[in-house]
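> Only the shape, not the letters, is given here:
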């Protein structure tokens, strides 16, 4: 049994449960809290490596299930592994495929050794369990790899969730036993749905195993923000303080603030690129539906505090035009901005931790974002088609301008 | 009547009819021969400005007809013109909409003052003639603008082509009379189909007018390479040597070599981005259909002599994977490489002109490209699905490797 890569996790600053930390990987240091953009099929949708280099994410993620199907891990291994294959030599993480087989594939059977699903591509049977997940992830060669777990679709009966928790622990042990590489760190995954007892049980069991880090799975599947907060509050205290904690599939700006405050270090979500392609663009003042007519003549940038290529280069009016005509580049710029925003948003939270301003800063970020969302909702109710440069929209713009040019906290200066 | 911007066109080197030249615009100097990427709706499809800055094209093009429909020239003017709208402060060219109304719109009527078409978007009537084309292009504010011309769909009766030539001359005069800005250079357009007499007549008439440059329109519409070559041979000698010559809509690598040899300075075509999205990727050894299985494990770059981000960063195997799974980034990388390739290909021809090696270099570039195309055609016949890493494909790869590592002309070192 291999011992796994020692991440050398070090906490640099704390504020309540929240912490800023660093850890080492074979491809460089990771500073947390950090948002990890998702490159499901070995590419962050719409972005090129030059875009990603400018965003400078701490870690990129890729999906084992998808890469197993195409091009197959043997192709990637033959080409030197995932880093060489993608041309990205910074830290990478692969998931285990557990989430995908229980959500994307057509499940055929589950037994103690793993699962059989029908491929979502062609219906061919795919066998995936702890042994396969470890073997495939070792062939892919990411820095951080995940144990194979059993997810439940919620709502689910308590017995079903309990069975998944038990199986997830057995599979976690099997994953640790199966690994042969010492240059990868493996993270165990806690399950348990939204049941506090089962979450505590799963967290205690998984945390007792010699993983290099721990993840909270089975959330962000429609349980709602209150259930997510409660589950985090139940789970995180049972995870070791000296190893990274990763909340899988979370993503939305307010959830990120909340989870960082509860002591989570790592996040991933496809929300950036998915919403970006649709023109739902994140700003510090909430989500902007950039295709709406009200943006037709707006000269200012999408988010004046964002340092990404999109906000440095383009007006809202230009972005609105590209989305309105369905231009190819619109999907790229939307994905680029949203990815830069989410990486920068969590990086801002890290900075606040290091500067000792976390509670006030996190609260201010969340309040400002929520206020923007409330104004947008009011505007949408008043003007569903977004055709009017309504008084309210004009007032909002004025307020943004005033805020952007007025005195502000130094820590806001370097967004993303 | 405004006088137009003095381009200060200067020929720096010649070889037979071919020439390397420079000219000035309000947004910087242009070095020719040059390939101008097309940003139809104020965006080169799939690319961001950072990509374009790395490719460093001499001129970018945008389409008057499309921008007139959406977002409308008044929106772009209100936002400071096309340069500020796109965030691109290097030279821009707009076409006149002539080609689009005769090819894309549903033509309702043509009269001496212009045309009425039904919009290809919603069927609404659009009026476009010399007066409108000049007014719209002045509102857009590109550095180089085009006269409004009448295209013929080929084949066409001689009388029809002759009538279009006459009308194009009248409209050219009207365009010159209509302009009011002195900071834009206007290029007249020669028509005449593939009829040598009519081409000569049109070239003489248009060349007698005080345009700052001249364009050859009505080609690259399916007339075939021989007819294109003959028409260029007939037309170019009638265009003034002291002003730029622009061959509209041409694009394919072998056509570019041929047209530069005949004294053309400027080119545009959507072939780079359109083929790039489909995975038909240009290399110095012909077009690579990157989605074919034969590329599944190819470690080398698409074109080892290309300096673009794609060729610097990725293997053919990675590109093949992205295209095979239909990844969003595939379309971006394909567009990026092909655009860089075409800009670099014509820049290589310019360099050969300046270095005095043009005839041999142009012939060698064309021969190598043609030989690669012939090998690919043979391979496709032998292996239509592209599933085999056939002996022939392996032999080709070996030959490319040998050529890439052997001694070579210094002028090949800096592709794009």
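Okay, I see it. These figures come from a predicted structure and were not determined experimentally.
> Output the longest strand belonging to chain A.
As assigned by DSSP state E, the longest strand anywhere in chain A is strand A:18-25.
> The following helix or strand past that strand - contacts with which helices or strands?
Per DSSP states H and E, strand A:18-25 leads on to strand A:28-32 as the next helix or strand towards the C-terminus. Secondary-structure packing of strand A:28-32 (3 or more Cβ pairs under 8 Å, 6 or more residues apart in numbering or on different chains; DSSP states H and E): strand A:18-25. To be clear about C-beta, it is placed using only N, CA and C from the backbone, and glycine gets the same treatment.
> For the strand it packs on, what is the distance to the chain centroid?
Between the centre of strand A:18-25 and the centre of its chain there are 16 Å (Cα atoms, centre = their mean, to the nearest Å).
> what's the angle from it to strand A:28-32?
When axes from the mean of the first three to the mean of the last three Cα atoms, to 10 degrees is applied, the directions of strand A:18-25 and strand A:28-32 differ by 170 degrees.
> Starting from strand A:18-25, tell me which strands it pairs with and how they run.
Sheet pairing of strand A:18-25 (DSSP bridges) gives strand A:10-15 (antiparallel), strand A:28-32 (antiparallel).
> Only the buried residues of the first one, if you could.
By 16 or more other Cβ atoms under 10 Å in any protein chain shown, the buried positions in strand A:10-15 come out as A:13, A:15.
> repeat for the last one
The neighbour-count check on strand A:28-32 (16+ other Cβ under 10 Å) flags A:30, A:32 as buried.
> Just the mean pLDDT for that strand, thanks.
For strand A:28-32, mean pLDDT is 98.
> Outside of that strand itself, which residues are in contact with it?
Strand A:28-32 is contacted by residues A:19-24, A:58-59, A:90-91, A:244, A:265-266, A:350 when judged by Cβ atoms under 8 Å, 6 or more residues apart in numbering or on different chains.
> need the next SSE after it, C-terminal direction.
Following strand A:28-32 in sequence, per DSSP H and E, is strand A:34-37.
> Residues of the stretch 251-400 of chain A that sit close to chain B?
Contact residues (Cβ under 8 Å from any Cβ of the partner chain) of the stretch 251-400 of chain A with chain B: A:273, A:277, A:296-297, A:299, A:309-310, A:313-315, A:317-318, A:320-322, A:324-325, A:327-333, A:335-336.
> Can you pull the phi and psi angles for residue A:158?
According to degrees, to the nearest 10, the main-chain angles of residue A:158 amount to phi -60, psi -40.
> That one: what's it in contact with?
So residue A:158 contacts A:195, A:198 (Cβ under 8 Å, 6+ apart).
> same thing but 7 Å
Contact analysis of residue A:158 by Cβ atoms under 7 Å, 6 or more residues apart in numbering or on different chains lists residue A:195.
> Surely residue A:107 touches residue A:117?
Yes. At 5.3 Å, residue A:107 counts as touching residue A:117 under the criterion of Cβ atoms under 7 Å.
> Pick out whichever of the two has more residues nearby.
Taking other Cβ atoms under 10 Å in any protein chain shown, residue A:107 and residue A:117 do not tie; residue A:117 has more neighbours (24 against 13).
> what is the mean pLDDT for the host helix or strand of the more buried one?
Taking DSSP H and E as the definition, residue A:117 sits inside strand A:114-118. For strand A:114-118, mean pLDDT rounds to 93.
> That one pairs with which strands, and in what direction?
Paired with strand A:114-118 in the same sheet, following DSSP bridges, are strand A:106-111 (antiparallel), strand A:125-128 (antiparallel).
> how about a markdown table for those strands, with distance to residue A:146 and mean pLDDT added?
Supplementary listing: these in a markdown table, determined by distance: least, Cβ to Cβ, whole Å; pLDDT from 0 to 100:
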| stretch | distance to residue A:146 | mean pLDDT |
| --- | --- | --- |
| strand A:106-111 | 18 | 86 |
| strand A:125-128 | 13 | 94 |
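> what's the closest of those strands to residue B:151?
Nearest to residue B:151, of all the strands paired with strand A:114-118, is strand A:106-111, at 53.5 Å by Cβ to Cβ.
> What residues of stretch A:252-272 count as buried?
Of all the residues in stretch A:252-272, those buried under the rule 16+ other Cβ under 10 Å are A:252-253, A:255-272.
> er, stretch A:237-256 I mean
A:238-239, A:243-253, A:255-256.
> And for stretch A:190-199?
A:190, A:191, A:192, A:193, A:194, A:195, A:198, A:199.
> now, which of these lie within strands?
Per DSSP E, the buried residues of stretch A:190-199 map to strands at residue A:190.
> Among the buried residues of stretch A:190-199, which one lies nearest to chain B?
Nearest to chain B, judged by Cβ to the nearest Cβ, of the buried residues of stretch A:190-199 is residue A:191 at 29.3 Å.
> ok, now which ones touch that closest one?
Neighbour list for residue A:191: A:149, A:150, A:151, A:164, A:165, A:168, A:202, A:217, A:218 [criterion: Cβ under 7 Å, 6+ apart].
> got JSON lines for these, with secondary structure too?
Converted to JSON lines, the contacts of residue A:191 look like this (DSSP: H, G, I helix; E, B strand; the rest coil):
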{"residue": "A:149", "secondary structure": "coil"}
{"residue": "A:150", "secondary structure": "coil"}
{"residue": "A:151", "secondary structure": "coil"}
{"residue": "A:164", "secondary structure": "helix"}
{"residue": "A:165", "secondary structure": "helix"}
{"residue": "A:168", "secondary structure": "helix"}
{"residue": "A:202", "secondary structure": "helix"}
{"residue": "A:217", "secondary structure": "coil"}
{"residue": "A:218", "secondary structure": "coil"}
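> Using PyMOL, define a selection of the buried residues within the residues you listed.
Applying 16+ other Cβ under 10 Å to the contacts of residue A:191 leaves a buried subset, and the PyMOL line that selects it is:
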select buried, chain A and resi 149+150+151+164+165+168+202+217+218
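> List the contacts of the closest residue to residue A:271 other than its chain neighbours.
Closest residue to residue A:271 apart from its sequence neighbours, by Cβ to Cβ, 6 or more residues apart in numbering or on different chains: residue A:251 at 4.1 Å. Residue A:251 sits next to A:220, A:267, A:269, A:271 when contact means Cβ under 7 Å, 6+ apart.
> Go through the residues you listed and flag which are in helices.
Using DSSP state H, the members of the contacts of residue A:251 that fall in helices are residue A:271.
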